[in-house]
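A.B. asks: Predicted model follows, preceded by the sequence.
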Amino acid sequence: MAQFFKAKPNSSKQLSAKQSFSVQQLDHLGAGIAHHQGKIVFIPGALPSETVQAQLTEQKKNYARAKLIKVETPSTERVLPLCPHYHTCGGCDLQHMSLTAQREHKSAALVDIMAKFAGAEGSLAPALSGEGWHYRRRARLATLFDKNTKHLSLGFRASSSNHVVPITECLVLAKPLSDLIAPFAKLLNQLAAKSSLGHLELIAADNGHFAVIRITKSLNDKDMAKLAQFAEQHQIHICLQDNEGEFHGVNGKLLLPVYQLLDDKTDVQPVSLTFTPGNFVQVNGQINKAMVAQALDWLAPQPGERILDLFCGMGNFSLPLARMGADVIGVEGVPEMVSQARENAAANGLSHLTFYHGDLSADLSSEPWMGKIDKLLLDPARAGAFESLQWLKKMKPRQVVYVSCNPASLARDSAVLLERGYKLQKLGLIDMFPQTHHIEAMALFELAK
């Protein structure tokens, strides 16, 4: 939904009064930017070129925030949100903007942040974009049990709130998963243990559809039978996650989801990646394939090259790089994902691929994998890879591909690379999350000769 801020209690007439604002642009979080009494005013839900009526909700020294009340003069890029839950659900926040305009905004914001904070300028590579709807292959739905009505609500949390908004469908979730939401809500309310159920995770994988139900106590035989019957009726795999984080199949057999990469390359054998529900996996399968393909194209891995993949997860980039013949070293901070990556490498018959567990924000000087490499791939979380990049002098890669889910940390870390003699060769938007403000990107740096 559009992120409408709730006004904080304040007796000031200035905060309570509705005012008219002219919106000039969007910030990188998708909020409209206007000016009022010498301050920048952020108005979530407003679009550039619009005149809107809004109410100030927060006043700071250099900026203010406002809640959108009414659009007086709409932008030509404003569209009617398709989702019936848009104005209450805390998920999507740009459905009121055309998909083309969303992507233009994200590209412009990426270029602006890189130029402003990293001093890096240049033209963008073509954006990686795909379907605007039903693109998510995974989602976690929250549950809320009402002790008075004895009813269990299933849905997503409202913006900046713990309140669960009941939903019947999700237009950015894969259609088969979206179609399961209403039946699952009905099923869970029929269980004797409904008051002890946690979240519900839905996954669409290459080997079927999966549902993971978080439980806080064991289910009785009748509840287990209902789940098994539902799984058979809807042709899905249902497993339960207990308090210790262990997973159990409702029919006694636990099957883990799998997805493939490189299956569209006729000259290379595909790789299959098994993952455990709860561990990180890119939720947009179509864009993930395109992203991995672009990383391979930009890095151009050659047999025998030593390539380091930091923040490697379960091997999303490592396995395809190794399949291309490179000697790959993957490093990840989550032990469970390191174990999964090793299992994936073994299952795919990749012997020239080694994984290590390590804290990539700590001193890396004594790590067994630290040393001269040919190329470096980074795919960090939102915090970025600033600490890891302090060891560039020891690694001395000729090329660096940086995959980012936060343009602010990408810009900060790009400044480090530029200071160390690297030049930004390519920069491209990855539209991983259409209908939201989230900006992902890929950058290629090469060591200046």
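C.D. replies: In hand now; what should we look at? Numbers count the residues shown, from 1 in each chain.

A.B. asks: Quick check, residue 211 in contact with residue 199.
C.D. replies: No: Residue 211 lies out of contact with residue 199 (Cβ atoms under 8 Å); the separation is 10.9 Å. C-beta here means a position set from N, CA and C on the backbone, and glycine is covered the same way.

A.B. asks: More neighbours: which of the two?
C.D. replies: Taking other Cβ atoms under 10 Å, residue 211 and residue 199 do not tie; residue 211 has more neighbours (24 against 15).

A.B. asks: Per-residue pLDDT of the residue nearest to residue 282 when sequence neighbours are not counted, please?
C.D. replies: Residue nearest to residue 282 in three dimensions, not counting chain neighbours: residue 288, with 4.0 Å by Cβ to Cβ, 6 or more residues apart in numbering. You'll see residue 288 listed with a pLDDT of 98.

A.B. asks: How much space separates residue 288 from residue 325?
C.D. replies: 22 Å (Cβ to Cβ, to the nearest Å).

A.B. asks: So the two - more neighbours on which side?
C.D. replies: Taking other Cβ under 10 Å, residue 288 and residue 325 do not tie; residue 288 has more neighbours (20 against 14).

A.B. asks: Could you look up the SS state of the more buried one?
C.D. replies: Look at residue 288: counting by DSSP: H, G, I helix; E, B strand; the rest coil, its state is helix.

A.B. asks: Surely it and residue 320 touch.
C.D. replies: No: the pair residue 288 / residue 320 is not scored as a contact, 10.9 Å apart, by Cβ under 8 Å.

A.B. asks: hey, what's in contact with both of the two?
C.D. replies: Jointly contacting residue 288 and residue 320 under the rule Cβ atoms under 8 Å, 6 or more residues apart in numbering are residue 261.

A.B. asks: for the chain, longest strand please?
C.D. replies: Using DSSP state E, we find that the single longest strand of the chain is strand 63-73.

A.B. asks: From the contact counts, what lies against the helix or strand following that strand?
C.D. replies: Next along the chain after strand 63-73, taking DSSP states H and E as the criterion, comes helix 99-118. Secondary-structure packing of helix 99-118 (3 or more Cβ pairs under 8 Å, 6 or more residues apart in numbering; DSSP states H and E): strand 125-128, helix 407-419, strand 422-430.

A.B. asks: and of these, who's closest to residue 155?
C.D. replies: Smallest distance to residue 155 across the helices and strands packed on helix 99-118 (Cβ to Cβ): 27.9 Å, for strand 422-430.

A.B. asks: got the buried residues for the closest one?
C.D. replies: Residues 422, 424, 426, 427, 428, 429, 430 are the ones in strand 422-430 that count as buried (16 or more other Cβ atoms under 10 Å).

A.B. asks: again, but for stretch 199-209
C.D. replies: By neighbour count with 16+ other Cβ under 10 Å, stretch 199-209 contains the buried residues 200, 201, 202, 203, 204, 205, 209.

A.B. asks: distance between that stretch and the chain's centre?
C.D. replies: In this view, stretch 199-209 has its centroid 16 Å away from the chain centroid, taken as Cα atoms, centre = their mean, to the nearest Å.
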